[in-house]
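*Asks:* pasting the sequence and the predicted coordinates here, then a few questions.
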Amino acid sequence: MNKTEMAKKLAGKADLTQDKASEIVDHIFSTKDGEGIIAVELDAGRKVSIAGFGTFSTRRSSARKGRNPQTGESIDIPARTVAKFSAAKGLKDRVYE
């Protein structure tokens, strides 16, 4: 499912126009600078917890040595911040069944 399909389903379930539903989905999930509720919160170092669904957060990966698989050459991989999603028990249980 992509954002357009999600907006279409949201429009049907929430009695909204597809344009309005698409706008809502964009407000939540956009990755453009200063947009997207989830991305803005992660940029600020905060978690986004949705009860029964999961938690979006960030974590810091430390610098490490890696290997180029084509050449076998050793490379330095810099430290960076990465996005992380942890599924809640309710979502895990539903998908598991």
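*Replies:* Looks like it came in fine.
*Asks:* what's across from K65 in the sheet?
*Replies:* Beta-bridge pairing of K65 under DSSP bridges involves D76.
*Asks:* I'd say it and D76 touch.
*Replies:* Yes: the pair formed by K65 and D76 meets the contact definition of Cβ atoms under 8 Å, at 6.5 Å. (Each C-beta comes from the backbone N, C-alpha and C, glycine too.)
*Asks:* avg pLDDT for stretch 40-54?
*Replies:* Confidence for stretch 40-54, expressed as mean pLDDT, is 95.
*Asks:* residues of that stretch that come out buried?
*Replies:* By neighbour count with 16 or more other Cβ atoms under 10 Å, stretch 40-54 contains the buried residues L42, V48, G54.
*Asks:* need the strands for this protein, in chain order.
*Replies:* 48-50, 54-61, 64-67, 74-77, 80-87 (DSSP state E).
*Asks:* identify whichever of these lies nearest to K8.
*Replies:* With Cβ to Cβ as the measure, strand 48-50 is the member of these nearest K8 (21.2 Å).
*Asks:* so what strands line up beside the closest one?
*Replies:* Sheet pairing here is set by DSSP bridges, and for strand 48-50 it gives strand 54-61 (antiparallel).
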